[in-house]
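Participant: I would like to see how this sequence folds:
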Amino acid sequence: MHRPLSPEKLSHLIGLVYDCVIDPRGWQAAMDSLRQHLGFATAEIAVLRLPDGEPLMAAIAGIPPEWMQPFQQARAAGAMDVWGGPERIQQYPLAEPIVLSQAMGRNSFSGNPLNEQFAKPFGLSDLVSMALVRDADGIGGIGLGWPQARGDITDDDIAPLRLLAPHLRRAVTILRLLDVQRLAASTFAQALDTLASAVLLVDGALGIVHANAAAEALLAEHDALHEKAGRQLQLASAAAQTALGDAVARVVAGGAALGQRGLGIPLARKNGAAPLVAHVLPLQAGELRNGISQRAVAAVFIADAAAPAPMPAQALALLYDLTPAEVRVFELIAHGHVPGEIATRLGLAPSTIKTHLLRVFDKTGCRRQAELVRLAASLSA
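Facilitator: Next up, the predicted model:
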């Protein structure tokens, strides 16, 4: 019997993940710790740049060297098909653990090269996949192998992945903004000053401890953000300022409390200019504080939006702290789909859709699906 993940272990894993932003060489150890704490046999994380498919980061844990070649060959031959092909994969929501047996049926694995050449002889009975990024610039996520000896995978087994999901997404998102080689060759603070993306280090009251050259240029423009008296960071949008303040307050309360907050805060600009997004990275865990002023509790990364998020999804995530999976369920409900259809479309168990829907009701204050439809319409307007 595997013990539930304690708050202390969760905080430890989150710290390992955020340390990997600064030193990507730590991903293998982080994945190994993750699989052991959560009871999986294998764990893999990868981020690929598009359109050339160049790996920006990849790490595999739990697979001995003698099994690596069979695993890679089997994955190349059967991974895409076992998950339903490219179109089906695009339907799976971000940051939601997808269990193969639930999404595709228990018989889907039988006969697939990934199962016959690797999973079955290695002792795996199921797979879990979770997309962390999926846009025009890249794709990435994690994959985990479930040991046959542990019986059927349950929702309790994947619940810790949902807690880790926003932190993994944040780490991967910010990692894509950074020059990894540049980080490896210098301290974090020195590397920030050479980045094209604007980065501000802030204290618990949003006081600016340090701003790199790109951030200083944005502050001088008084566009999406500016500097208040006392060198305090102020965003142009009141909603964005509230979201940023809440995210930093959660950082001060502890890294695990941050969750979804501070990830992809939309920043509108003057004169119809392309929007920006802000991502908040805690600086309290592990080695992140090395070479940084002790006053700084968070780094605020500001970058061009990779693609304009469709409304009302952007407003939903910002106003109600919905996860990507909850936003997807909300959107499909608003378009007239019933929970059973949504479960089939997203490859999730009906019970998982019910749980997401109940959380959406709780966070938005709605009690019926019709109220969600009206709320979506008001946000679009």
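Participant: pairing partners for the strand ranked longest in the chain, with directions?
Facilitator: Of all the segments assigned as strand in the chain under DSSP state E, the longest by residue count is strand 124-135. Based on DSSP bridges, the pairing partners of strand 124-135 within the sheet are strand 98-99 (antiparallel), strand 138-147 (antiparallel).
Participant: how many other residues sit next to the nearest residue to A77 once chain neighbours are set aside?
Facilitator: For A77, ignoring the flanking residues on the chain, the nearest one in space by CB to CB, 6 or more residues apart in numbering is P113 at 3.8 Å. C-beta: built from backbone N, CA, C; applies to glycine. For P113, the count of nearby residues is 17 (other CB atoms under 10 Å).
Participant: so what's P113 up against?
Facilitator: When the contact criterion is CB atoms under 8 Å, 6 or more residues apart in numbering, the partners of P113 are 73-74, 77-78.
Participant: scan these and report the most crowded one.
Facilitator: Greatest neighbour count in the contacts of P113, by other CB under 10 Å, goes to A74: 22 neighbours.
Participant: report the buried residues of whatever helix or strand it lives in.
Facilitator: When elements are assigned from DSSP states H and E, A74 belongs to helix 65-82. By 16 or more other CB atoms under 10 Å, the buried positions in helix 65-82 come out as 71, 74-75, 77-79, 82.
Participant: and which of these is nearest to L267?
Facilitator: Using CB to CB, A79 comes nearest to L267 of the buried residues of helix 65-82, at 36.9 Å.
Participant: how close does that closest one sit to S129?
Facilitator: When distances are taken as CB to CB, to the nearest Å, A79 and S129 turn out to be 9 Å apart.
Participant: repeat that for D362.
Facilitator: D362 sits 27 Å away from S129 when distances are taken as CB to CB.
Participant: who's in contact with stretch 264-271?
Facilitator: Surrounding stretch 264-271, the residues in contact under the criterion CB under 8 Å, 6+ apart are 173, 223-225, 235-237, 240, 243-244, 247, 275-280, 302, 305, 309, 314, 317-318.
Participant: just the residues you listed: which are in helices?
Facilitator: In this view, these that belong to helices under DSSP state H are 173, 240, 243-244, 247, 314, 317-318.
Participant: just the buried residues of helix 65-82 now: which is nearest G262?
Facilitator: A79 (32.5 Å).
Participant: ok, that closest one - contacts?
Facilitator: Residues near A79 by CB under 8 Å, 6+ apart: L114.
Participant: which residues in this structure form strands?
Facilitator: Per DSSP E, the chain has strands spanning 42-49, 55-61, 98-99, 124-135, 138-147, 198-202, 208-211, 225-228, 232-235, 263-267, 276-282, 298-304. These are given in chain order.
Participant: ignoring the adjacent residues along the chain, who's closest to A43?
Facilitator: If the residues on either side of it in the chain are set aside, A43 comes closest to R35, at 3.8 Å by CB to CB, 6+ apart.
Participant: hang on, isn't that neighbour packed against T42?
Facilitator: Yes. Checked against CB atoms under 8 Å, the pair R35 and T42 is within contact range at 6.4 Å.
Participant: okay, and the common contacts of the two?
Facilitator: Taking CB under 8 Å, 6+ apart as the contact criterion, the residues that touch both R35 and T42 are 61-62, 144.
Participant: give me the residue at the spatial middle of this protein.
Facilitator: R169 (1.8 Å; CA atoms, centre = their mean).
Participant: leaving out chain neighbours, which residue sits closest to it?
Facilitator: For R169, the nearest residue in space outside its immediate sequence neighbours is L132; the separation is 5.0 Å by CB to CB, 6+ apart.
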